[in-house]
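Student: Here is a sequence with its predicted model. Questions after.
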Amino acid sequence: MYQILKQIVKTGIRTERPPQPDEALRAAEQRLKAAVLRHFAGCLTIRHVDAGSCNGCELEIHACNNPYYNLEGLGIRFVASPRHADMLLVTGPVSKHMEVALKRTYDSTPEPKLVVAIGDCGCTGGIFGESYASCGRVANVIPVDVAVPGCPPTPTAIMQGILTAITARAGK
């Protein structure tokens, strides 16, 4: 224990630099908040489904809820039940074991529902593709409205994908 404390004192506090102001992020936030207010009476509810990912995309989705990106402040909330959700965020290639669960989650989500595939694996199957253990991309199992590529995509890209899905729904 003494050695660890000695190392901490010797090294000091090391943290990342705070992010610099990003005007593109602020513009995306404003458009997203306006769209949520206009189309969802101020509150968009999302159910996240991990269909077999490596959890890289989940880390970025969780980052969307930190004070810097603040999805909660924009009126977007994550819910535990698909019955309360307006949108499904699906990550990862759909493993064979998750195929039925994903279909049931999709069927349980009330109409009109939106589906956003997150990450390269969700969009194309990524490095896993289709195999004996994987169905591949999310669109092979359920209809997808918007695909957000990236390995993993940035929180800004995820927010842009959510905004694209909302505005696409409004256009229908």
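Tutor: On my side now, so go ahead.
Student: Name the residues of the helix or strand of the chain with the lowest mean pLDDT that come out as buried.
Tutor: In the chain, no helix or strand scores lower on mean pLDDT, DSSP states H and E than helix 23-40, which sits at a mean of 77. Across helix 23-40, burial judged by 16 or more other Cβ atoms under 10 Å covers 25, 28, 29, 32, 33, 35, 36, 40. For the C-beta atoms, the positions are set from N, CA and C on the backbone; glycine is no exception.
Student: try stretch 142-155
Tutor: Buried residues in stretch 142-155 (16+ other Cβ under 10 Å): 142, 144, 145, 146, 147, 148, 149, 150, 152, 153, 155.
Student: Figure out the helix or strand that the second one lives in.
Tutor: Assignment of secondary structure by DSSP states H and E places residue 144 within no helix or strand.
Student: For it, which residues are in contact?
Tutor: Residues counted as contacts of residue 144 (Cβ atoms under 8 Å, 6 or more residues apart in numbering) are 90, 115, 116, 117, 137, 138.
Student: The first one: what secondary structure?
Tutor: Under DSSP: H, G, I helix; E, B strand; the rest coil, residue 90 falls in the strand class.
Student: Quick check: bridge partners of it?
Tutor: For residue 90, the beta-bridge partners under DSSP bridges are residue 49, residue 117.
Student: Residue 69 versus the closest residue to residue 148 other than its chain neighbours, what's the distance?
Tutor: Excluding its sequence neighbours, the residue lying closest to residue 148 (Cβ to Cβ, 6 or more residues apart in numbering) is residue 161, at 3.6 Å. From residue 161 across to residue 69, the span is 13 Å (Cβ to Cβ, to the nearest Å).
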